[in-house]
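Trainee: Quick one, structure for this:
(2 chains)
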Protein chains: 2
Amino acid sequence: MIYLDHAASTPIADSVLEEMLPYFKENFGNPSSIHRYGRIATKAIDSARKRIAELINSNPNEILFTSGGTESNNTALHGIMSQNKGKQFITSSIEHDAILEPCKKLESLGFDVIYLSVDSAGMIDLAKLESAVSEKTALVSVMLANNEVGTIQPIKEIAQICKKHNVLLHTDAVQAVGKIPVNVKDLGVDLMSISSHKINGPKGIGALYVRRGVNLDPFILGGGQENGMRSGTESVANIVGFGKACQIARENLQNNHNNLQDLRDHLIQRVSSELSHVSVNGHPQMRLPNNAHFTFLGVNGEDLIIKLDEHEIAASTGSACSVKTQKASHVLMAMGFAHEKITGSLRLTVGISNTKSEIDQTVDVLKQVVAELRAVSPFKAKYGF
Amino acid sequence: MIYLDHAASTPIADSVLEEMLPYFKENFGNPSSIHRYGRIATKAIDSARKRIAELINSNPNEILFTSGGTESNNTALHGIMSQNKGKQFITSSIEHDAILEPCKKLESLGFDVIYLSVDSAGMIDLAKLESAVSEKTALVSVMLANNEVGTIQPIKEIAQICKKHNVLLHTDAVQAVGKIPVNVKDLGVDLMSISSHKINGPKGIGALYVRRGVNLDPFILGGGQENGMRSGTESVANIVGFGKACQIARENLQNNHNNLQDLRDHLIQRVSSELSHVSVNGHPQMRLPNNAHFTFLGVNGEDLIIKLDEHEIAASTGSACSVKTQKASHVLMAMGFAHEKITGSLRLTVGISNTKSEIDQTVDVLKQVVAELRAVSPFKAKYGF
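Mentor: Reported below is the predicted structural model:
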């Protein structure tokens, strides 16, 4: 099977699993216990926290462990807005549902939520943000890189606007971390969500960067773990694995970036030149190195994925979280795509274990299955396939 | 090291880890993906859900995966109370902080919260509950078994009172599941929290039983996993491990119960007869089979644990989540214990891998270290040690 859905999830690296294993059995203590088992677990968490901090250039005590990117996003929005009743929240219209669904909740609680529009490349307009921010605004949240089309937002410039107006900035960096350099100090963000399973770490663990000085209300309450900021017995093995995955990501960032980009560029180049009626979506330059997002006119993306799956290729139409509901991508709609263009979309996201021959094989299969689907397409006459 | 802190956490069973391993690497797919990797992950989750349901006699679709017992408790309280503004919540004064801290939050949001008192054995009074419940009450939450002293509450009778008044009942069964038979239909509860790492499964995974027909607001919002009730990419390997742990717990329940009780009774018998000025706390009969909770007068529990740790014995003063904060146990206070009696408390919780010889060794060490601590105790003269 050729796996080209690394934006959905990634396999655990061997060295990650190796570091996790002792924390399932020998070192199984509850970090809250004061005996030796507890101290060993606490030490492991401290060490992982350092590794995560190193990847994003934060201080270790600015890292809050959560159960994943979704909880990180929920924690950030709840944690800031719950102390800002009656104030405003600004986000973009292409955020992940883990931001947009909490937004609906905020609206139902009486908060004013502004959704910034994006252009056809999925980029927000800084002037629009500038004019939307006011003394009513408590928090801005704009994703660092989009999970569907890979477009990278100008977070540094967004942060400058937020700072000028004394407004906090959160960014969902789940797709960006480990793919491009992400430095919280350089970006100037106040809060940032990251996830382990997108960077060859285990599922069920993530973190929220909370800049020192940011006053956050805790979301999950209880025994007071994570300095009272996130209760619940720490998922020690997962935390250890997440730490190791961050260390590997940091050490290989430049190398991986180049390799992923080469593979992705080769994929885009071949698809663009060898198939007709195809467009490459998202920003041409400001995009994740591993993301390729296409539209094949006259083809249904779901059918395409099923056909690719039959040919041993794992792909996606967009966000893994929404494919099962079969709803049209809110990201592509926000980018102004017509229904027909949304329907024919395919996301291929390469990973560190993919090879050039796998990409070539994928393009060969793509040519065949797109032709098959177009042969029976209701748009056959319209486009003259 | 002799580990006698199984109420804090337990090591993963070999067969649990074995079943988890393929889901870290080969079968690493995101369950939301529609390709083969996704389908394999979904199938694994379905199978684990069935095993968890079997352990507690629920339907699989009544099981909601969470990141652990704390999130389960938060989800239950938030999920019911958020749709019952202005209504009342009744709980007990000996709940885990994962209930009591959300209670404080509910109070700050204007909810009326009633804390039922307990007797000196840690048992609530059904008559007091009966007189507290009214048409104002939306939800009652009483733990099935206490994490410190092990007292088991009469949940079946509590459920009958709740039903009579048309009030929902949640129970925190984190310590009870896998130790005593827990049957949601027989108990008559509407919501129940369970945790994996207390029954030789991995940390960072738990579940909330939600009886069919109970209308719950989701707590963590996003991509719509778990039927829209709990968003976030599923922690597949952890879920698989949790499922296996439940299967093992179910198959060995009676056997484990008897073994744990024999070890625990032997421990209590020897400690009671061979040490002076000692009391056994909690209910003499209605208690978890693996829990022994003592008070050694004139001794500081923290000092005792450190001494035991030096002698290679892992123990606790009470809840693992509160020992680091060194605050006096709210459970023992609610049971009416004087400060002196709280200070000298020690919780020993046996597990399936403990042996009788380990218990004997522990008692021998206990006799020695209690004597050492009492020799320098400020209460030496008072009690005439």
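
Trainee: For the rest of this, base every contact and every neighbour count on C-alpha atoms.
Mentor: Will do.

Trainee: Just the closest residue of the stretch 151-300 of chain A to chain B, please.
Mentor: Relative to chain B, the nearest point of the stretch 151-300 of chain A is A:G222 (3.6 Å; Cα to the nearest Cα).

Trainee: How about that residue: what's its closest non-neighbour residue?
Mentor: Distance criterion Cα to Cα, 6 or more residues apart in numbering or on different chains; nearest residue to A:G222, sequence neighbours excluded, is B:A98 at 3.6 Å.

Trainee: so what's the one you found up against?
Mentor: A:221-223, A:231-232, B:69-71, B:73-74 (Cα atoms under 8 Å, 6 or more residues apart in numbering or on different chains).

Trainee: pLDDT score for it?
Mentor: Note for B:A98: predicted pLDDT of 97.

Trainee: do A:K341 as well
Mentor: On the pLDDT scale, A:K341 gets 89.

Trainee: Was I right to think it contacts A:L297?
Mentor: Yes. Between A:K341 and A:L297 a contact is recorded at 6.3 Å, counting by Cα atoms under 8 Å.

Trainee: In terms of neighbours, single out the busier of the two.
Mentor: Each of A:K341 and A:L297 has its neighbours counted (other Cα atoms under 10 Å in any protein chain shown); A:L297 has more, 24 against 21.

Trainee: For the stretch 51-200 of chain A, which segments count as helices?
Mentor: For the stretch 51-200 of chain A, the helices defined by DSSP state H, counting those that start in this stretch occupy A:69-81, A:97-108, A:126-132, A:155-164, A:184-187.

Trainee: Show me chain A divided up by domain.
Mentor: Here the domain parsing of chain A from automatic domain parsing is A:2-8+A:253-377, A:14-251.

Trainee: ranking the ones you listed by burial, who's on top?
Mentor: Looking across the domains of chain A with neighbours counted as mean count of other Cα atoms under 10 Å in any protein chain shown, the highest average goes to domain A:14-251: a mean of 22.

Trainee: Helix or strand: which one has A:A381?
Mentor: Per DSSP states H and E, A:A381 falls inside helix A:380-383.

Trainee: ok, back up a step: distance to B:E19 for the domains of chain A - can I get that in CSV?
Mentor: Listed next are those as CSV, based on distance: least, Cα to Cα, whole Å:
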stretch, distance to B:E19
domain A:2-8+A:253-377, 23
domain A:14-251, 13
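
Trainee: and B:V376, which of those is closest to it?
Mentor: Evaluated over the domains of chain A, closeness to B:V376 peaks at domain A:14-251, with 22.4 Å, by Cα to Cα.

Trainee: From start to finish, how long is that closest one in a straight line?
Mentor: 16 Å (Cα to Cα, to the nearest Å).

Trainee: Work out the gap between it and the centre of the chain.
Mentor: 11 Å (Cα atoms, centre = their mean, to the nearest Å).

Trainee: Now do the strands in the stretch 151-300 of chain A.
Mentor: When assigned using DSSP state E, counting those that start in this stretch, the strands of the stretch 151-300 of chain A occupy the ranges A:168-172, A:191-195, A:206-210, A:278-280, A:291-296.

Trainee: Now mean pLDDT and distance to chain B too, for those strands, in CSV please.
Mentor: Below are the strands of the stretch 151-300 of chain A laid out as CSV (pLDDT from 0 to 100; distance: least, Cα to the nearest Cα, whole Å):
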stretch, mean pLDDT, distance to chain B
strand A:168-172, 98, 13
strand A:191-195, 98, 10
strand A:206-210, 98, 10
strand A:278-280, 97, 22
strand A:291-296, 97, 16
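
Trainee: now those in JSON lines, with distance to A:K382?
Mentor: Listed next are those as JSON lines, based on distance: least, Cα to Cα, whole Å:
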{"stretch": "strand A:168-172", "distance to A:K382": "40"}
{"stretch": "strand A:191-195", "distance to A:K382": "44"}
{"stretch": "strand A:206-210", "distance to A:K382": "47"}
{"stretch": "strand A:278-280", "distance to A:K382": "15"}
{"stretch": "strand A:291-296", "distance to A:K382": "14"}
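
Trainee: do you know which of those lies nearest B:H165?
Mentor: Of all the strands of the stretch 151-300 of chain A, strand A:206-210 sits nearest to B:H165, with 41.9 Å by Cα to Cα.

Trainee: elements contacting the closest one?
Mentor: Strand A:206-210 makes packing contacts with strand A:63-66, helix A:69-81, strand A:191-195 when contacts are defined by 3 or more Cα pairs under 8 Å, 6 or more residues apart in numbering or on different chains; DSSP states H and E.

Trainee: Parallel or antiparallel, which strands does that strand pair with?
Mentor: Partner strands for strand A:206-210, per DSSP bridges, with pairing direction: strand A:63-66 (antiparallel), strand A:191-195 (antiparallel).

Trainee: I'd like the distance between the residue in the stretch 1-150 of chain A positioned nearest to chain B and A:G68.
Mentor: Per Cα to the nearest Cα, A:A98 is where the stretch 1-150 of chain A lies closest to chain B, at 3.5 Å. From A:A98 over to A:G68 the distance is 11 Å, taken as Cα to Cα.

Trainee: what do those two both touch?
Mentor: B:G232.

Trainee: Of the contacts of B:A98, just say which sits nearest to B:V189.
Mentor: B:N73 (13.9 Å).

Trainee: What are the neighbouring residues in contact with the closest one?
Mentor: B:98-99, B:172, B:193, B:208.

Trainee: What pLDDT is listed against it?
Mentor: 98.

Trainee: What is the neighbour count of A:Y383?
Mentor: 13.

Trainee: same thing with A:K382?
Mentor: Using other Cα under 10 Å, A:K382 is surrounded by 9 other residues.

Trainee: A:G384 too?
Mentor: 8.

Trainee: Backbone torsions only: list them for the residue nearest to A:Q261 when sequence neighbours are not counted.
Mentor: Distances taken as Cα to Cα, 6+ apart put A:P289 closest to A:Q261, at 4.5 Å, once the chain neighbours are dropped. Reported as degrees, to the nearest 10, the phi and psi values for A:P289 are phi -70, psi -20.

Trainee: show me the contacts for A:P289.
Mentor: A:179-180, A:257-258, A:260-261, A:264.

Trainee: In space, what's closest to A:I12 - neighbours in sequence excluded?
Mentor: A:N200 (4.5 Å).

Trainee: A:R49 now?
Mentor: Using Cα to Cα, 6+ apart, the nearest residue to A:R49 is A:P60, at 5.4 Å.

Trainee: so what's that neighbour up against?
Mentor: A:46, A:49-50, A:52-54.

Trainee: For the closest residue in space to A:L260 that isn't next to it in sequence, which residues are in contact?
Mentor: If the residues on either side of it in the chain are set aside, A:L260 comes closest to A:N290, at 5.2 Å by Cα to Cα, 6+ apart. With contact taken as Cα under 8 Å, 6+ apart, A:N290 is in contact with A:179, A:257, A:260-261, A:263-264, A:349-351.
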